[in-house]
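J.: build me a structure from this.
(chains A and B)
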2 protein chains.
Amino acid sequence: MTDPRPIGVFDSGVGGLTVLREIVRRLPAESTVYLGDNARAPYGTRSDDEVLRFTRQAVDTLVERDVKLVVIACNTSTAVALTDLRRRYPLPILGVIRPGAAAAVLASRVRRVGVIATPATVRSHAYFNAIKEENPAVEVYEHATPAFVPMVEAGLLSGRDVEATVRDALAPLLGERDASGEFIFPLPSSARIDTLLLGCTHYPLLRPILEAVAGDHVAVVDSATATASALVDLLAMNGLDVPGPVDRAIHLQLTTGDASAFHDLARRLFGEGFADVQTVALQGSAA
Amino acid sequence: MTDPRPIGVFDSGVGGLTVLREIVRRLPAESTVYLGDNARAPYGTRSDDEVLRFTRQAVDTLVERDVKLVVIACNTSTAVALTDLRRRYPLPILGVIRPGAAAAVLASRVRRVGVIATPATVRSHAYFNAIKEENPAVEVYEHATPAFVPMVEAGLLSGRDVEATVRDALAPLLGERDASGEFIFPLPSSARIDTLLLGCTHYPLLRPILEAVAGDHVAVVDSATATASALVDLLAMNGLDVPGPVDRAIHLQLTTGDASAFHDLARRLFGEGFADVQTVALQGSAA
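T.: Below you'll find the model as predicted:
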């Protein structure tokens, strides 16, 4: 049993392309349809009602394109809408939170994990709950970093200002630092995390700076790779995969915003490989 | 690293003893404190607010007894209160829903699972969500069977009336039956479940009748064994287990109801092994 239909991948903007990149790398025979709701991004500071409504519209659009399953490559949408979506649509829907949580639990040796995410994701405590389901003895420290998504969507990935923003944002989670920029950890050792989970698909693009700021004693884990691995398992388990050949795979990118702006930003963030970008209007269940 | 303190096990009544029995069998060196809120059982038809409040009081009482972790051996409490409890208490808390969901997903070959549970558990869709997290391609049919808990708590596990109640309760999930009692399945084959998950810790006591009514083509899966296995992993993963010796394990049963009635019912349902039953009043966080 195989299914040649494309895999739908949704994100509020371009951040989900970190997941798409891993999917294409791990599953080269699979076709994909990516949908970025750039016109309304970012979602992380929106109300739950808005996130739910927008995500339903996006999944409606992907379902109209006859995808065989949908990957919600947006942490905010996964946290707020995944349960609703799974009741609403008959096709399999995979989120990014459980795969990311499982990877973080595996990475942590002292069983203390920090999670950075958008305010909406933190508010939902979806990572807290998912990590506790993996191992209830792991301590979870969730922290909202609302400045990161606008920064990434503006193409700002490095430089002194970006680093300063990242340092300030992580200070409550990692502890204070001294004048030379070294962390002095006023926290007792029993409160120090050894794993930082990037609970937003935009954040892997800041990975070099995040790793530098977090320091050598903290493992940085992101959900993009973990979600692609979970997708490989899901397709194989359910007979939904395409065995090949690779050269028939078709990749299409849709955006609710400006197609050439999406193309330019995607190329700037990820390099080449986004040839076919189309603008779409989202319709369907706004209720 | 080991921890000789007892494992706390909570249920609204005596149903959680199905979980305790498996824990003692799998982990004979571990001491246990079981708490049954018999005075206020069953929880399955109570409001979410009541379940939350009662469960907090129960966990407070177990924490006062210096348990090293708590197993919520009550599906209704797990569905309604687990997330709250994990934020409220620093010790590891294990529920019965994820282990049961994982076992059902493994058992189903056609990827269609029926779940029977109390109204409160069904209302929470906790099993739907947990099964979808295990494999989003599995179809889940949840069905409330409110008659079962009062029947078990009354010690009624077999006989013509019990069987009639079970047949009627399962008909919406399994299909209609003809005059001879054979199921005729008006359902199309694409809607037939091959796995029935017992989403209440009382239900394993009805297992012989449930298996007879469900028929040979349906695997009956319960969460008691699955939860004991998850507990073995949890203790080992976190260095919380007791390596032995077995003969030092102490088992204590607490009930909010009448101690001798609890003892009699437990012995009737499970046989001997409940020597030390004490009545307690639940206090603590009623907020």
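J.: quick check: buried residues in stretch A:211-224?
T.: A:213, A:214, A:218, A:219, A:220, A:221, A:222, A:223, A:224 (16 or more other C-beta atoms under 10 Å in any protein chain shown). Every residue, glycine included, has its C-beta placed from N, CA and C.
J.: now residue A:7: phi and psi?
T.: Residue A:7 adopts backbone torsions of phi -90, psi 130, taken as degrees, to the nearest 10.
J.: pretty sure it is touching residue A:20, no?
T.: No: using C-beta atoms under 8 Å, residue A:7 is not in contact with residue A:20, being 9.1 Å away.
J.: joint contacts of those two?
T.: Residues touching both residue A:7 and residue A:20 (C-beta atoms under 8 Å, 6 or more residues apart in numbering or on different chains) are residue A:32.
J.: ok, residues contacting the longest helix anywhere in chain A?
T.: Using DSSP state H, we find that the single longest helix of chain A is helix A:48-64. Defining contact as C-beta under 8 Å, 6+ apart, one finds that helix A:48-64 is touched by A:8, A:10, A:12, A:33, A:35, A:37, A:40, A:43, A:46, A:70, A:72, A:74, A:76-77, A:80-81, A:84-85, A:88-89, A:91, A:93, A:120, A:123-124, A:254, A:280, A:282-287.
J.: now residue A:70: closest residue in space, sequence neighbours ignored.
T.: Distances taken as C-beta to C-beta, 6 or more residues apart in numbering or on different chains place residue A:8 nearest to residue A:70, at 4.3 Å, with adjacent residues excluded.
J.: so who does the one you found touch?
T.: A:32, A:33, A:35, A:59, A:62, A:63, A:65, A:67, A:69, A:70, A:71.
J.: what do you get for residue A:112?
T.: Applying C-beta under 8 Å, 6+ apart, we find residue A:112 in contact with A:138, A:139, A:141, A:191, A:192, A:193, A:194, A:195.
J.: and the pLDDT at the most centrally placed residue in chain A?
T.: When C-alpha atoms, centre = their mean is applied to chain A, the residue found nearest the centroid is residue A:201 (2.5 Å). Residue A:201 is assigned a predicted lDDT (pLDDT) of 88.
J.: I figured it hits residue A:75, correct?
T.: Yes: counting by C-beta under 8 Å, residue A:75 is a contact partner of residue A:201 at 6.3 Å.
J.: joint contacts of those two?
T.: With C-beta under 8 Å, 6+ apart as the test, residue A:201 and residue A:75 both reach A:96, A:223.
J.: residue A:206 is in contact with residue A:222, correct?
T.: No: counting by C-beta under 8 Å, residue A:222 does not reach residue A:206; the two are 10.0 Å apart.
J.: what do those two both touch?
T.: Common neighbours of residue A:222 and residue A:206 (criterion: C-beta under 8 Å, 6+ apart): none identified.
J.: need the next SSE after the longest helix of chain A, C-terminal direction.
T.: strand A:69-72 (DSSP states H and E).
J.: how about the secondary structure of the residue nearest to residue A:70?
T.: Of the three states, residue A:8 takes strand under DSSP: H, G, I helix; E, B strand; the rest coil.
J.: what does the pLDDT read for it?
T.: As summarised for this prediction, residue A:8 has a pLDDT of 98.
J.: please apply the same query to the one 3 residues further on.
T.: Looking at residue A:11, its pLDDT stands at 95.
J.: distance check, it against chain B.
T.: Distance from residue A:11 to chain B, counting by C-beta to the nearest C-beta, to the nearest Å: 18 Å.
J.: returning to what we had before: which ones among the contacts of helix A:48-64 lie within helices?
T.: Within the contacts of helix A:48-64, residues falling in helices by DSSP H are A:76, A:77, A:80, A:81, A:84, A:85, A:88, A:120, A:123, A:124.
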